[in-house]
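Peer 1: Structure for this input, please:
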Amino acid sequence: MEEIAYKVIRGRRRTLTLNVEKNGEVVVRAPLSLSDAEISRFVKRHRRWVLKRLAARQNIPQISLADGERITIFGKSYLLATGRTRIAGDTVFLPQEGRAEALARLLKPFCYEPMFRLTQQIAERYGFAFSRVRISSARSRWGSCNRERVIAYTFRLAFLPPEIIEYIAVHELCHTVCFNHSTAFWREVSRILPDYKVRRSNLKSYGYLMDLFLK
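Peer 2: Presented below is the predicted three-dimensional model:
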């Protein structure tokens with residue numbers, strides 16, 4: 001039976017935890033006093049769970065950034081080619097090396113105008129007020145809104161279908177009047193998007209994008 005490779009992080013804690021990180025690394029967090037043998041037995045007891053998680057990681061969809069491939073950004077198809085990092089017409093030019101990082105750097109400023117425009121249009125139509133929009137590299141959430149009504153979007157939403165991008169913008173604008181996920185909040189979302197539950201459900205299938213383009 002193949003052994004599971006894992007990393008041990010010891011600390012001032014009382015419990016053992018086991019996790020499969022987004023990069024596929026198996027990590028055990030353990031108390032300082034726990035022996036290696038006890039940790040090994042713990043991992044073996046949870047072997048089936050770990051293997052299931054590792055298999056799920058391997059099945060994460062990928063986006064090819066090779067020349068000649070096409071990627072869809074804000075609903076428009078672009079051809080990939082080698083060159084100075086930029087978007088020109090219907091072509092995205094990326095360097096030969098470090099393409100994912102280059103694409104991330106390119107998309108952060110590129111996303112600003114369409115997301116600001118969409119947010120402004122929805123705000124004006126439905127009576128919301130926000131202070132500004134910014135684009136982040138967040139990997140844990142598609143968007144956020146703070147008490148100053150600054151709305152942030154991760155650049156990764158550029159790969160989502162337009163109707164789901166719209167849902168994210170509406171979601172964050174509703175947080176400008178309701179800073180939680182209460183019944184009142186969802187009532188506000190429903191006022192604008194009666195089908196928001198379908199869009200929210202569909203968004204879950206794109207969670208893999210959070211693991212791509214890590215810079």
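Peer 1: how does this protein divide into domains?
Peer 2: 7-58, 98-211 (automatic domain parsing).
Peer 1: Which of these has the highest mean neighbour count?
Peer 2: When the domains of the chain are scored by mean count of other C-beta atoms under 10 Å, the highest mean neighbour count falls to domain 98-211 (a mean of 17). In short, each C-beta sits where N, CA and C put it, glycine included.
Peer 1: Now the longest helix seen in the chain: average pLDDT?
Peer 2: If you go by DSSP state H, the chain has its longest helix at helix 99-126. Averaging pLDDT along helix 99-126 yields 95.
Peer 1: Also stretch 168-180?
Peer 2: Stretch 168-180 carries an average pLDDT of 96.
Peer 1: Surely Tyr153 forms part of a strand?
Peer 2: Yes. Looking at Tyr153 with DSSP: H, G, I helix; E, B strand; the rest coil, it is inside a strand.
Peer 1: hey, what's it bridged with?
Peer 2: Ile135, Gly143 (DSSP bridges).
Peer 1: which ones are touching it?
Peer 2: Tyr153 makes contacts with Cys111, Met115, Val133, Arg134, Ile135, Ser136, Trp142, Gly143, Ile168, Ala169, Glu172, as judged by C-beta atoms under 8 Å, 6 or more residues apart in numbering.
Peer 1: For Tyr196, state which of those is nearest.
Peer 2: Set against Tyr196, the nearest of the contacts of Tyr153 by C-beta to C-beta is Ile168 (10.6 Å).
Peer 1: Please name every helix or strand in contact with the helix or strand bottoming out on mean pLDDT in the chain.
Peer 2: One helix or strand of the chain scores below all others by mean pLDDT, DSSP states H and E: helix 47-58, with a mean of 80. Contacts defined by 3 or more C-beta pairs under 8 Å, 6 or more residues apart in numbering; DSSP states H and E place helix 47-58 against strand 17-20.
Peer 1: Quick check: pLDDT value at Ser201.
Peer 2: Listed pLDDT for Ser201 reads 94.
Peer 1: So it belongs to a helix, correct?
Peer 2: Yes. Counting by three-state DSSP, Ser201 is part of a helix.
Peer 1: Quick check: it vs Arg134, distance?
Peer 2: Distance, Ser201 to Arg134, by C-beta to C-beta, to the nearest Å: 27 Å.
Peer 1: TSV for the domains of the chain, including distance to Ala66?
Peer 2: Formatted as TSV, those follow (distance: least, C-beta to C-beta, whole Å):
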stretch	distance to Ala66
domain 7-58	20
domain 98-211	9
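Peer 1: wait, which of those domains is closest to Val92?
Peer 2: Using C-beta to C-beta, these put domain 98-211 closest to Val92, at 7.3 Å.
Peer 1: wait, what's in contact with Ile63?
Peer 2: Residues touching Ile63, when contacts are defined by C-beta under 8 Å, 6+ apart, comprise Ile71, Phe159, Leu212.
Peer 1: how about 6 Å then?
Peer 2: Shown in contact with Ile63 (C-beta atoms under 6 Å, 6 or more residues apart in numbering): no residues.
Peer 1: you'd agree it is in a strand?
Peer 2: No. Using three-state DSSP, the assignment for Ile63 is coil, not a strand.
Peer 1: where does Lys44 fall, phi/psi-wise?
Peer 2: phi -60, psi -40 (degrees, to the nearest 10).
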